[in-house]
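S.K.: Quick one, what's the 3D model for this:
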Amino acid sequence: MQIIRFNAKGWRTRFDDGFNEVNVARIADAFGYIWSEARPKATVYVGYDTRFAGKRHAVVAAQTLASRGLVAIVSDAPCPTPALGWACQEDESAIGAVMITASGASCEYGGISARGYNGGPVSEEFYEAAARIVSSGHVASDGPYTEVDLMTPYVDHLASLVDSEVIEAAGLSVVVDAMYGSGRGYLARLLHRVGCRVHEIHGEHVSDFDGLHPTPTEPWVDSCERAVRTFNADAGIALDGDADRMALIDASGRFVTPHRMVPLVMDHLVVDRHEHGRIVDTFSSSAYVRRQAERLGCPFTAVPMGFVRVYGEFVEKDVLLGADEFGGVCVPSHLPERDGLLTALLLVEMMAVRGQSIAELVSELDNALGVMHYIRRDIRLDAASIQAFRNILPGLNLPEVCGLTPQMVGHSDGLVLRFADDSWVQLRPSRTDALVRACAEAPKARVAEALAEGACKGALAALP
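M.R.: Next up is the predicted model:
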């Protein structure tokens, strides 16, 4: 039997390398054991995205959970991860949920993850416990389950969170790129419901995603950029495979980086909607977010990379917005998980309330916060080198990078160097792949590139 190793996102592998009904059942059985021991006969929801055999894998998971004495409820159609989480949160009898998704990965991959009773991610300890008890053989997968419509109440709730009269009066035109994922149809209909003219692309069922990786970043948003220009739309919204993240395109077809998009959402929540609270982001995210928090008078907390660390801050009940390094936005008052559909609605509402284009809003942001350029590079190494990299980083101190002297050196999440002008660079070995992620930000793009390259060279030179 295949050894199952979880990361913070659950378990993900290729269909031709073991993502099958047998392993889905083994994992669901481990989840079910933990949940049934904690709360016998509790409810567990199961959702799935648009990938190969998604419904079948969801049914197998549900039948396995039910075999443990749990009440299993399966979505009657592919659904976004936040929709599944919201259903779990709203049901007091629910102890958790299982999502069959590989999110932004290509069509060759399948994945399975667990959600907590409140719709947010489960802890690393939960996955560690599940890994210890995954069965080495076949498990029972013959319990009863029920199918329900998760999307109608979720979409109704989202529509109630924004001012549809203001949005309709603005007469905005929006392109939605569903990227063949589980947000297809839902966001387009939701935006039409609140008063937008909508053009949806990649909204049909295509089992191989037509070669598209459903991740909302360049170059995969190129089609959305072109569609915005073709339809003369005011904005483009691209959702990832399970619709917990989105990308923003302005009216000229230019991609708005997540590091500008997140501060726009913050501005709308505080200035237009008069909400307030703490902002939580990761160390490897943009200085824009911290600067915007300071400008808006919001307390700011930076945590190590990964949304599960952001989620850990929600226990204090004072967080207005949490974001990850990839631009996933979470508004805990709605759901303690990222939600690409809600983020899209808030940005459309901001355009309507302000009467401004995305380009104008971004220009105002740059003027208020100062221009910063962010880059990220993945550096692949062999297995021995990546392990050596992991070993040396906790004690590595680079006295200078590209002629700049670090003002702060941190080792809580890889190696982070910060400089006097708010420039910074981070090196972080992947927990699951043989690569090092290099992120850098500086007032000039060429300086950001140089910092990433220089830090990598310095660290590689220190390898034994």
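
S.K.: show me where the stretch 201-350 of the chain has strands.
M.R.: 235-239, 246-249, 255-256, 278-282, 300-303, 319-323, 329-330 (DSSP state E, counting those that start in this stretch).

S.K.: Please identify the most buried of these.
M.R.: With neighbours defined as mean count of other CB atoms under 10 Å, the strands of the stretch 201-350 of the chain peak in mean count at strand 235-239, which reaches a mean of 30. Yep, even glycine has a C-beta here, placed from its N, CA and C like the rest.

S.K.: related to what we said a few turns ago, let's have the strands of the stretch 201-350 of the chain in TSV, adding mean pLDDT and distance to Val134.
M.R.: Rendered in TSV, the data for those read as follows (pLDDT from 0 to 100; distance: least, CB to CB, whole Å):
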stretch	mean pLDDT	distance to Val134
strand 235-239	98	31
strand 246-249	97	33
strand 255-256	94	40
strand 278-282	94	29
strand 300-303	92	29
strand 319-323	97	30
strand 329-330	96	29
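
S.K.: how far does stretch 231-241 stretch from start to finish?
M.R.: 24 Å (CA to CA, to the nearest Å).

S.K.: ignore the last one, stretch 260-274
M.R.: With CA to CA, one end of stretch 260-274 sits 20 Å from the other.

S.K.: Which residues does it contact?
M.R.: 247-248, 256, 275-276, 279, 281, 285-286, 288-289, 291-293, 296-298, 320-321, 323, 327, 329, 331, 343, 346-347, 349-350, 353-354, 361-362, 365-366, 369 (CB atoms under 8 Å, 6 or more residues apart in numbering).

S.K.: Keep only those of the residues you listed that are in helices.
M.R.: Using DSSP state H, the members of the contacts of stretch 260-274 that fall within helices are 288-289, 291-293, 296, 343, 346-347, 349-350, 353-354, 361-362, 365-366, 369.

S.K.: Just the buried residues out of those residues, in ChimeraX syntax.
M.R.: Only the buried entries of the ones in helices among the contacts of stretch 260-274 go into this ChimeraX selection, using 16 or more other CB atoms under 10 Å:
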select :288,289,291,292,293,296,343,346,347,349,350,353,354,361,362,365,369
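
S.K.: So the chain: which segments form each domain?
M.R.: Domain ranges of the chain: 11-149, 161-369, 373-461, per automatic domain parsing.

S.K.: so what's Val166 up against?
M.R.: Contacts of Val166 were listed using CB under 8 Å, 6+ apart, and they are Glu349, Ala352, Val353.

S.K.: make it 6 Å
M.R.: By CB atoms under 6 Å, 6 or more residues apart in numbering, Val166 lies in contact with Ala352, Val353.

S.K.: In the helix or strand that it is a member of, which of the residues would be classed as buried?
M.R.: Using DSSP states H and E, Val166 falls within helix 164-170. Neighbour-count burial for helix 164-170, counted by 16+ other CB under 10 Å, picks out Ser164, Ile167, Ala170.

S.K.: quick one: the first one from Glu90, how far?
M.R.: When you say that, I think you mean Ser164. The gap separating Ser164 from Glu90 is 22 Å, by CB to CB, to the nearest Å.

S.K.: picking that back up, can I get the strands of the stretch 201-350 of the chain in TSV with distance to Arg309?
M.R.: Formatted as TSV, the strands of the stretch 201-350 of the chain follow (distance: least, CB to CB, whole Å):
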stretch	distance to Arg309
strand 235-239	24
strand 246-249	21
strand 255-256	25
strand 278-282	7
strand 300-303	4
strand 319-323	10
strand 329-330	12
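
S.K.: residue contacts, the closest residue to Leu191 other than its chain neighbours?
M.R.: What sits nearest to Leu191 in space, not counting adjacent residues and going by CB to CB, 6 or more residues apart in numbering, is Val198, at 5.0 Å. Each residue near Val198 by CB under 6 Å, 6+ apart is listed here: Val174, Val176, Ala188, Leu191, His192.

S.K.: in its sheet, what does the one helix or strand Val198 maps to sit against?
M.R.: Using DSSP H and E, Val198 falls within strand 197-201. Counting by DSSP bridges, the strands paired with strand 197-201 are strand 173-177 (parallel).

S.K.: Now the partner strand - C-alpha only, CSV.
M.R.: Provided in CSV are the C-alpha atoms of strand 173-177 (Å, rounded to 0.1, in the frame of the first residue of the first chain):
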residue,chain,number,x,y,z
SER,A,173,-19.2,44.8,-17.2
VAL,A,174,-17.1,41.9,-15.9
VAL,A,175,-15.3,39.0,-17.5
VAL,A,176,-15.3,35.8,-15.3
ASP,A,177,-12.7,33.2,-16.1
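
S.K.: Buried residues in it, which are they?
M.R.: By neighbour count on 16+ other CB under 10 Å, the buried set for strand 173-177 is Ser173, Val174, Val175, Val176, Asp177.

S.K.: Could you do stretch 445-455 as well?
M.R.: Val447, Ala448, Glu449, Ala450, Leu451, Ala452, Glu453, Gly454, Ala455.

S.K.: Any chance of CSV for the residues you listed, columns distance to Ser135 and pLDDT?
M.R.: Formatted as CSV, those follow (distance: CB to CB, whole Å; pLDDT from 0 to 100):
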residue, distance to Ser135, pLDDT
Val447, 53, 91
Ala448, 48, 91
Glu449, 48, 90
Ala450, 51, 91
Leu451, 48, 90
Ala452, 44, 88
Glu453, 47, 88
Gly454, 49, 88
Ala455, 44, 87
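
S.K.: taking these one by one, which sit in helices?
M.R.: Of the buried residues of stretch 445-455, the ones assigned to helices by DSSP H are Val447, Ala448, Glu449, Ala450, Leu451, Ala452, Glu453, Gly454, Ala455.

S.K.: How confident was the prediction at the closest residue to Arg354 other than its chain neighbours?
M.R.: Ranked by CB to CB, 6+ apart and with sequence neighbours excluded, the top spatial neighbour of Arg354 is Leu361, at 6.7 Å. What the model reports as pLDDT for Leu361 is 98.

S.K.: how close does Leu361 sit to Ala368?
M.R.: Per CB to CB, Leu361 is found 11 Å from Ala368.

S.K.: Any idea which of the strands of the stretch 201-350 of the chain gets closest to Thr217?
M.R.: strand 246-249 (6.3 Å; CB to CB).

S.K.: which residues are in contact with that closest one?
M.R.: Identification of contacts with strand 246-249 by CB under 6 Å, 6+ apart yields 216, 221, 224-225, 228, 236-239, 255-256, 261, 340, 343-344.

S.K.: same question, stretch 429-444
M.R.: Residues outside stretch 429-444 that contact it (CB under 6 Å, 6+ apart): 7, 284, 286-287, 372, 374-381, 383, 386, 389-390, 423-428, 448, 451-452, 456.

S.K.: Would you mind checking these for buried ones?
M.R.: Among the contacts of stretch 429-444, the ones that count as buried by 16+ other CB under 10 Å are 7, 284, 286-287, 372, 374-376, 379, 381, 386, 389, 423-428, 448, 451-452, 456.

S.K.: Now do the phi/psi pair for the closest residue to Pro304 other than its chain neighbours.
M.R.: Counting by CB to CB, 6+ apart, Pro304 lies nearest to Asp413, which is 3.8 Å off, once chain neighbours are set aside. Dihedral pair for Asp413: phi -150, psi 80, per degrees, to the nearest 10.
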